[in-house]
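*Asks:* I would like to see how this sequence folds:
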Amino acid sequence: MTDYVAAIDQGTTSTRCVVFSHEGRVVAIDQREHEQIFPRAGWVEHDPVEIWANTRTVVAGALAKGDLAPSDVVAVGITNQRETAVVWDRTTGEPVYNAIVWQDTRTDRIAADLGALGGGQERYRATTGLPLATYFSGPKVRWILDNVDGARARAEAGDLLFGTVDTWLLWNMTGGVDGGAHLTDPTNASRTLLMDLSTLDWDADIAAEMGIPLSMLPDIRPSAGEFGRVRERGALGGVPITGILGDQQAATFGQACLDPGEAKNTYGTGNFVLLNTGTERVASENGLLTTVCYQLGDRPPVYALEGSIAVTGSLVQWVRDNLGMIGTAAEIEEHARSVEDNGGCYFVPAFSGLFAPYWRADARGAIVGLTRFVTKGHLARAVLEATAYQTREVIEAMNADSGVPLTSLKVDGGMVVNDLLMGFQADILGVPVIRPVVAETTALGAAYAAGLAVGFWAGEADLRANWAKDEEWAPSMPEAERERLFRQWKKAVTRTFDWAGND
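*Replies:* Have a look, this model is predicted:
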């Protein structure tokens, strides 16, 4: 009988279950979207109960599509949208509030007040590797405790639990109120603003300063190791859960970026460039994040530099859903190909402020360079080009921090099927862009972590052997044109500054 590994990939817009073979190929997949909740401008929420229900649905669906029994699956891995925060009651299992999503900006005042205690955005960077920003989980938990009636008292009494989405799913999968495991891994914990990067444990002083009881926080375990077993009444009843990785670290692992200096870029709701720096923690001087890349068993953690971009694929979704300019996401390429260039139009999608390398919570989205010449095709092209320009900004910061210029870029995520975007990305970077055969690299990384923990894969050499190139785009744009376009982009970015404030 052939054995398989399953991965639950809980993302910003949907939940998937993907079953992989030993060769790292997709055997079965099922997916379901969940509601995006926008109570106010800048607020983004998800219903944790809906996400848990969808998880059970897609797990059962993937097994059915692959005609598989739980006994065919040797291990389960979980990967997830990282900074999204869930707080729930340990005795009832009910969330006290919707999940506050990583894109949400409501905690800008909390971040500003903490920074005012000294150090500003840099207050916790030496310990956590992160700037003080609305992006991360800790301030979101603080907001829930401060704004949900009775939440702080219940938390201080030990009745509430916090977790990123991996922890919420794991707790429910392993029993919930009947002994569910309250655990996470260092890749997710390192995105909370609460974990010490050197000890891989919660920093009590930072938690106290944020007003978050330590009793709420999950225990931190290595990314590949024993987290518990799926409760017997689940579709994967009895199968061990042996891998957890935040989605961008999972994609890095799935791309087999296992040596220092190897990097990948995931094109999803946002874009996330990760550069493996090995066991060395590299402090960024250029607006990047220092984060845990993965930890395998009792081995030392591997670190990464990360450039996080808030809005890329979600800009295409916004053009589709909010403007009705296209009927499907795929149509954006068709419209963009109807013109030769952007017609002088630039779209800076600072919907949630600007993340790396700026970290400007006061920025808001802008379309600049409009003339009567600009058509729907030029706007479509500007939408796609925004992703490529933002990626170059992050790559330049990464080159400066690491001292090692990038020579090629491995890519994955939903947008890499867009040939126009990938070609323009190579042009604006001036280096080749490489897409792998298996595009489901996020789920694959979680599967790899789980499979390594149970010996399904013998070691990293197996993961490297599974990686194969599907397509490569080489740059062809003249350097002078590349630099002219990028200068115009940088000018457009400055037009978004100082918009949101107290006015």
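*Asks:* which ones are touching the residue lying closest to Gly344 once chain neighbours are set aside?
*Replies:* Leaving aside its sequence neighbours, Gly344 sits nearest to Gly369 (Cβ to Cβ, 6 or more residues apart in numbering; 4.4 Å). (C-beta placed from N, C-alpha, C; glycine too.) Neighbour list for Gly369: 342-346, 488, 492 [criterion: Cβ atoms under 8 Å, 6 or more residues apart in numbering].
*Asks:* same question, Ile244
*Replies:* So Ile244 contacts 77-80, 166, 170, 183-185, 187-188, 221, 223, 227, 446, 449 (Cβ under 8 Å, 6+ apart).
*Asks:* can you pull the pLDDT of the nearest residue to it once chain neighbours are set aside?
*Replies:* Distances taken as Cβ to Cβ, 6+ apart put Asp185 closest to Ile244, at 4.2 Å, once the chain neighbours are dropped. On pLDDT, Asp185 comes in at 97.
*Asks:* again, but for Ala235
*Replies:* Listed pLDDT for Ala235 reads 85.
*Asks:* can you pull out the low-pLDDT segments for this structure?
*Replies:* For the chain, the stretches with pLDDT under 70 are 1, 502-503.
*Asks:* longest helix in it, please.
*Replies:* Criterion DSSP state H: the longest helix present in the chain is helix 376-402.
*Asks:* show me what whichever helix or strand comes after it is in contact with.
*Replies:* The helix or strand immediately downstream of helix 376-402 is strand 409-412, counting by DSSP states H and E. Residues from elsewhere that reach strand 409-412 (Cβ under 8 Å, 6+ apart): 251, 254-255, 257, 262-267, 395, 422, 425, 429, 431-436, 439, 441-442.
*Asks:* buried ones among those residues?
*Replies:* The neighbour count (16 or more other Cβ atoms under 10 Å) marks 251, 254-255, 257, 262-267, 395, 422, 425, 429, 431, 433-436, 439, 441-442 as buried among the contacts of strand 409-412.
*Asks:* make sure Thr192 is actually in contact with Ser137.
*Replies:* Yes. Using Cβ atoms under 8 Å, Thr192 is in contact with Ser137, at 4.1 Å.
*Asks:* which residues are in contact with each of these two?
*Replies:* Common neighbours of Thr192 and Ser137 (Cβ under 8 Å, 6+ apart) are 83, 164.
*Asks:* what about the two, which has more around it?
*Replies:* Thr192 (29 against 25; other Cβ atoms under 10 Å).
*Asks:* that one and Gly501, how far apart?
*Replies:* 27 Å (Cβ to Cβ, to the nearest Å).
*Asks:* cool, and Leu384?
*Replies:* In terms of Cβ to Cβ, Leu384 sits 30 Å off from Gly501.
*Asks:* can you check Gly369 too?
*Replies:* Counting by Cβ to Cβ, the gap from Gly369 to Gly501 is 25 Å.
*Asks:* dump the residue contacts of the closest residue to Gly353 other than its chain neighbours.
*Replies:* Among residues not flanking Gly353 along the chain, Ala361 sits closest, at 4.2 Å (Cβ to Cβ, 6+ apart). Residues near Ala361 by Cβ under 8 Å, 6+ apart: 105, 108, 111, 133-134, 353, 500.
*Asks:* which of those fall in helices?
*Replies:* 108, 111.
*Asks:* just the closest of the contacts of Ala361 to Pro475, please.
*Replies:* When the contacts of Ala361 are compared for distance to Pro475 (Cβ to Cβ), Gly353 wins out at 30.4 Å.
*Asks:* would you say Cys17 is within a helix?
*Replies:* No. In this structure, Cys17 is strand, not part of a helix, as judged by DSSP: H, G, I helix; E, B strand; the rest coil.
*Asks:* in this structure it contacts Gln10, no?
*Replies:* No. Cys17 lies out of contact with Gln10 (Cβ under 8 Å); the separation is 9.7 Å.
*Asks:* neighbour-wise, which of the two wins?
*Replies:* Remark: of Cys17 and Gln10, Cys17 carries more neighbours, 30 against 27, as counted by other Cβ under 10 Å.
*Asks:* now Ile434: phi and psi?
*Replies:* phi -120, psi 130 (degrees, to the nearest 10).
*Asks:* cool, the one 4 residues further on as well?
*Replies:* Note on Val438: backbone dihedrals following degrees, to the nearest 10 are phi -90, psi 110.
*Asks:* in contact with it, which residues?
*Replies:* By Cβ under 8 Å, 6+ apart, Val438 lies in contact with 24-26, 254, 444, 466, 468.
*Asks:* 7 Å instead, please
*Replies:* Counting by Cβ atoms under 7 Å, 6 or more residues apart in numbering, Val438 makes contact with 24-26, 444.
*Asks:* any idea which of the residues you listed has the most stuff around it?
*Replies:* Leu444 (33 neighbours).
*Asks:* how much space between that residue and Asp247?
*Replies:* 12 Å.
*Asks:* next one: Leu305
*Replies:* Noted for Leu305: a distance of 17 Å to Asp247, by Cβ to Cβ.
*Asks:* neighbours of Pro139, how many?
*Replies:* Neighbours of Pro139 using other Cβ under 10 Å come to 28.
*Asks:* leaving out chain neighbours, which residue sits closest to it?
*Replies:* Thr107 (3.8 Å).
*Asks:* helix, strand, or coil at the residue lying farthest from the centre of the chain?
*Replies:* If you look at how far each residue of the chain sits from its centre, by Cα atoms, centre = their mean, the farthest one is Arg372, at 37.9 Å. What three-state DSSP gives for Arg372 is coil.
*Asks:* now it: phi and psi?
*Replies:* With angles defined as degrees, to the nearest 10, Arg372 sits at phi -60, psi -20.
*Asks:* residues contacting it?
*Replies:* Per Cβ under 7 Å, 6+ apart, neighbours of Arg372: none.
*Asks:* what does Gly353 give?
*Replies:* 105, 360-363.
*Asks:* for Leu289, same thing?
*Replies:* Contacts of Leu289 (Cβ under 7 Å, 6+ apart): 129-130, 306, 308.
*Asks:* from those residues, which is closest to Gly115?
*Replies:* Leu130 (12.4 Å).
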